[in-house]
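Visitor: output the structure for:
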Amino acid sequence: MSDPPPTWRAAVCYDSPSISRKTREALDRLGWTYDRDRSRRHFSKMMVVIAIPQASYVFQFLVRDPVKFVINVYDEKPTHSGVVHYIEVKGIDRGNARYVRRFLQVFADSLPRKPYRFFWVERLKLGFLRVEHIKAKREWSRWGV
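Guide: A predicted model of the protein is given here:
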């Protein structure tokens, strides 16, 4: 079995405050020890043909027990009307991959719909052929969601 990638990231069809709350609930349900932190995530916003640097608020969960990894939850607004919501897990290795899988399954089960089931309005605002929407189901299915 090959080592999992050290960082996993996928678009989610819910905003970052909602995802953050569900992340906290999933970690609590699993009984894992973690710390919460915050930071900023930088990205570029396209306006006409000029890339404009932007930053978004990051909800950060530093899982310490039973294994160590970091969960980041944030939103990016790459167009004037479209928003992409992300959940990202950093520090994945062979030793903690099964715990990451368990967390993602518990997290996804707590949502009212699959995390990759975007409403058509979300797709319309961002663009129907955005790679974030196209890849989301594949990224989630890698972890059994």
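Visitor: now do the end-to-end distance for stretch 105-120.
Guide: 24 Å (C-alpha to C-alpha, to the nearest Å).
Visitor: what does the helix ranked longest in the chain contact?
Guide: Of all the segments of type helix in the chain, defined by DSSP state H, the longest one is helix 16-30. When contacts are defined by C-beta atoms under 8 Å, 6 or more residues apart in numbering, helix 16-30 is touched by residues 12, 14, 34, 36, 56-57, 59, 61, 63, 71, 73-75, 85-87, 102-103, 106-107, 110-111. For every residue, glycine as well, the C-beta is placed using N, CA and C.
Visitor: tally of neighbours for Arg142?
Guide: Using other C-beta atoms under 10 Å, Arg142 has 14 other residues around it.
Visitor: the residue found closest to it once you drop the neighbours it is linked to in the chain and Ile92, how far apart?
Guide: Nearest non-adjacent residue to Arg142, counting by C-beta to C-beta, 6 or more residues apart in numbering: Trp8, 7.8 Å away. Separation of Trp8 from Ile92 (C-beta to C-beta, to the nearest Å): 6 Å.
Visitor: what touches both of the two?
Guide: Val100.
Visitor: can you state the direction angle for the helix or strand that contains Phe103 and helix 16-30?
Guide: Counting by DSSP states H and E, the element that carries Phe103 is helix 97-109. Calculated by axes from the mean of the first three to the mean of the last three C-alpha atoms, to 10 degrees, helix 97-109 forms an angle of 120 degrees with helix 16-30.
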